[in-house]
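> fold the following and give me the result.
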Amino acid sequence: MTKVHLLGKLGNKFGKEFNLDIKHTKQLIRAIAVQREGFMNFFFDEQEKGVEYVIKRGKDFLREGEESLSFGTEDVFIMAQPQGSGDKFKKELGALMTIIGVILIITGFVTGNPALIK
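As a prediction, the model looks like this:
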C-alpha cells in the first residue's frame, strides 16, 4: 500500500489522504479518479487557469520519464506548483505536467470516458 497525500486545494476538495494499492503514476491518478467524481476534470480546469501540479515521491519530485517507476513504500504527494517559483523549478518539473496531461488523456481513451479527453 502506498500512502498518497493531496495537498492544498486538491486535498480540501477530494480528501487529504489515501492508502492505495498502486505501483506508478498512471495507477495513482486512476485510483483516485474512480473514487472521487470530478477529480480528472479538476486537473483540466486548473491547468486552464494556469495552475500546475507536481508529484513528489518521498523527498524527490518525479521527472519526465519517471512516470512508470514504482512508488515502493515511500509516501506520495500531489501538490500545486508554487506560483512565481524560479525558472529552475519550472524547468525541472514543467515536463511532468505534460506527462500528467498525457496520462489523463490515455486514461480517458482506455476507460472510454470522453470527458477526460476534452
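> please, where are all the strands along this structure?
2-6, 17-20, 53-57, 60-61, 76-80 (DSSP state E).
> how close does the residue nearest to G101 when sequence neighbours are not counted get to R63?
Computed as Cβ to Cβ, 6 or more residues apart in numbering, the closest residue to G101 that is not its neighbour in sequence is Q47, at 7.1 Å. In short, each C-beta sits where N, CA and C put it, glycine included. For Q47, the distance to R63 equals 19 Å [Cβ to Cβ, to the nearest Å].
> quick check: H24 touching S70?
Yes - counting by Cβ atoms under 8 Å, H24 touches S70, with 6.4 Å between them.
> which of these two has more neighbours?
H24 (17 against 11; other Cβ atoms under 10 Å).
> and the pLDDT at F89?
Looking at F89, its pLDDT reads 56.
> and if you look at the one 10 residues further on?
What the model reports for I99 is a pLDDT of 70.
> picking up where we left off before, right, so the strands of the chain: which one is the most enclosed?
strand 53-57 (a mean of 21; mean count of other Cβ atoms under 10 Å).
> tell me what angle it forms with strand 76-80.
Using axes from the mean of the first three to the mean of the last three Cα atoms, to 10 degrees, the direction of strand 53-57 lies 160 degrees away from that of strand 76-80.
> would you map the helices across the chain?
Remark: helices assigned in the chain by DSSP state H are 9-14, 25-35, 39-48, 87-111.
> turn those helices into JSON lines, including distance to M79 and mean neighbour count.
JSON lines is the format used below for the helices of the chain (distance: least, Cβ to Cβ, whole Å; neighbours: other Cβ atoms under 10 Å):
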{"stretch": "helix 9-14", "distance to M79": "7", "mean neighbour count": "15"}
{"stretch": "helix 25-35", "distance to M79": "13", "mean neighbour count": "19"}
{"stretch": "helix 39-48", "distance to M79": "12", "mean neighbour count": "16"}
{"stretch": "helix 87-111", "distance to M79": "11", "mean neighbour count": "15"}
